[in-house]
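In: From the sequence below, what's the structure:
(one chain, ligands or ions: 2)
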Amino acid sequence: MPAIEVSNLQRAFSADFLAVAGIDLQVAEGEIYAFLGPNGAGKTTTVRMLTTLLRPTGGSARVAGFDVVDEPAAVRGAIGVALQEAALDPLMTGRELIRMQATLHGIPRAEGRRRADDLLRRVGLTEAGERRVGTYSGGMKRRLDLASSLVHEPRVLFLDEPTTGLDPVSRKAIWEEVEALNREGTTVFLTTQYLEEADQLADRVGIIAAGRIVAEDTPTALKAQVGKPRMEIVLAEGDAPDCIDVLGRFGDPLPPKDGTLMVEVAEGAAAIAPVVRALDEAGIVVESLDVVEPTLDDVFVAKTGQHLEGAEDEPDTGEAEAAE
Ligand SMILES: Nc1ncnc2c1ncn2[C@@H]1O[C@H](COP(=O)(O)OP(=O)(O)O)[C@@H](O)[C@H]1O
Ligand SMILES: [Mg+2]
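Out: Ligands and ions are numbered 1, 2, ... in the order given. The predicted structure is shown next:
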């Protein structure tokens, strides 16, 4: 039995708009599956339907063997959920919050206390557990929310953009925790806008755009589909259109991004010398020129004609990580 089984799932928010426009997917027990897609793609709407927080307007879904519409209580008992915008009471301490979750799941007091201790240790918040959540950094809140979603030892864990906006250190801490949980047997469904998160963490990736899954496979297989290395060029002098004309002799030009011109070069680094000579002859001076291997963004471009917006944005590193 798959951990998650989705058939033609749909969610309309108005007569002419489907936020989720008929998706099919299966996640095997023990897998980490990532939904990779830009803002507005339908990731949260899907997670809300799979976690019984929102009713589908079409299709069906089973989680841990239970139907999300007909057996919502059984689904909720089997899953943990950490939402994109976790509503954590700032006046409660981390420990109180986890113990309240334990109570909500009907776990006896002594056992709830034990699990709160274990979970706080797991996510590195033992000391901070005595402090009010309002004093936590973004990374600490995410770790606490993750811990509290685990209090009833769920078989399937849903994480909606677990690391969006976090600094790299906090992000890595979450990744390690997700990997550890998965090694212990938890199935994970996560959503992300970050290429490397999907690439590094997921066994399989579904690329979602405008409510549809446009590609789905292992990260390696997805990148192999688009195949070709590409050359990225930033100009110092000369016109972009002139440069694109020259590049077009060496391969198919790709849509430019943030002033960087791109062209597919099947032969990879071997294309560098002839391209540089040709640009030189055309009076074009480059500031930088690189050959890069395909990424999941290339898969997104191949499927949608657009870049995964914000895909290569650096996460917010300005966040001050409060001392623990
Ligand atoms: N409650 C709602 N009412 C109307 N439109 C919504 C609602 N929730 C989401 N949407 C729309 O559905 C689309 C998908 O949203 P969402 O699932 O939140 O995307 P993502 O999580 O991938 O950013 C967006 O166009 C969003 O504006
Ligand atoms: Mg979302």
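In: Run through the residues of the stretch 51-200 of the chain sitting next to ligand 2.
Out: With Cβ under 5 Å from the ion as the criterion, the stretch 51-200 of the chain comes near ligand 2 at residues Q84. No exception for glycine: its C-beta is placed from N, CA and C like everyone else's.
In: where exactly do the strands run in the stretch 51-200 of the chain?
Out: In the stretch 51-200 of the chain, the segments counted as strands under DSSP state E, counting those that start in this stretch are 58-63, 66-67, 79-82, 156-160, 187-192.
In: so what are the domain limits for this structure?
Out: 4-223, 229-293 (automatic domain parsing).
In: And those domains: which comes nearest T304?
Out: For the domains of the chain, proximity to T304 was assessed by Cβ to Cβ; domain 4-223 is nearest, at 5.0 Å.
In: Centre of the chain to that closest one, how far?
Out: Average the C-alpha atoms of domain 4-223, do the same for its chain, and the two points are 10 Å apart (Cα atoms, centre = their mean, to the nearest Å).
In: ends of it, how far apart?
Out: Using Cα to Cα, to the nearest Å, the end-to-end distance of domain 4-223 comes to 25 Å.
In: That domain close to ligand 1?
Out: Yes: for domain 4-223, a contact with ligand 1 is found by Cβ under 6 Å from any ligand atom, at F13, A19, G37, N39, G40, A41, G42, K43, T44, T45.
In: Let me know the closest of these to T164.
Out: Relative to T164, the closest of those is N39; by Cβ to Cβ it sits at 9.8 Å.
In: That closest one belongs to a strand, doesn't it?
Out: No: counting by DSSP: H, G, I helix; E, B strand; the rest coil, one finds N39 to be coil, located in no strand.
In: Show me what the strand or helix carrying V286 is in contact with.
Out: Secondary structure from DSSP states H and E places V286 in strand 285-292. Defining contact as Cβ atoms under 8 Å, 6 or more residues apart in numbering, one finds that strand 285-292 is touched by 229-238, 265, 268-269, 271-272, 275-276, 279.
In: quick one on the thing from earlier: grab the two from the residues of domain 4-223 next to ligand 1 that are most spread out in space.
Out: The two members of the residues of domain 4-223 next to ligand 1 with the most space between them (Cβ to Cβ) are F13 and G37, at 17.2 Å.
In: Among the two, which residue is more densely surrounded?
Out: Shown here are F13 and G37; by other Cβ atoms under 10 Å, G37 has more neighbours (27 against 11).
In: before we move on, what SS does the nearest residue to that one once chain neighbours are set aside have?
Out: Distances taken as Cβ to Cβ, 6 or more residues apart in numbering put I208 closest to G37, at 3.7 Å, once the chain neighbours are dropped. Assigned with three-state DSSP, I208 falls in the strand class.
In: Settle this for me: I208 is touching G40, isn't it.
Out: No: counting by Cβ atoms under 8 Å, G40 is not a contact partner of I208; they are 10.2 Å apart.
In: Comparing the two, which residue is more hemmed in?
Out: In terms of neighbours (other Cβ under 10 Å), I208 is the more surrounded of I208 and G40; the figures are 24 against 13.
In: and that one, what is it in contact with?
Out: I23, F35, L36, G37, A41, G42, K43, T46, V214.
In: pLDDT score assigned to it?
Out: Predicted confidence (pLDDT) for I208: 96.
In: Take the domains of the chain and write them to CSV, including distance to K303.
Out: As requested, the domains of the chain are exported to CSV (distance: least, Cβ to Cβ, whole Å):
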stretch, distance to K303
domain 4-223, 4
domain 229-293, 13
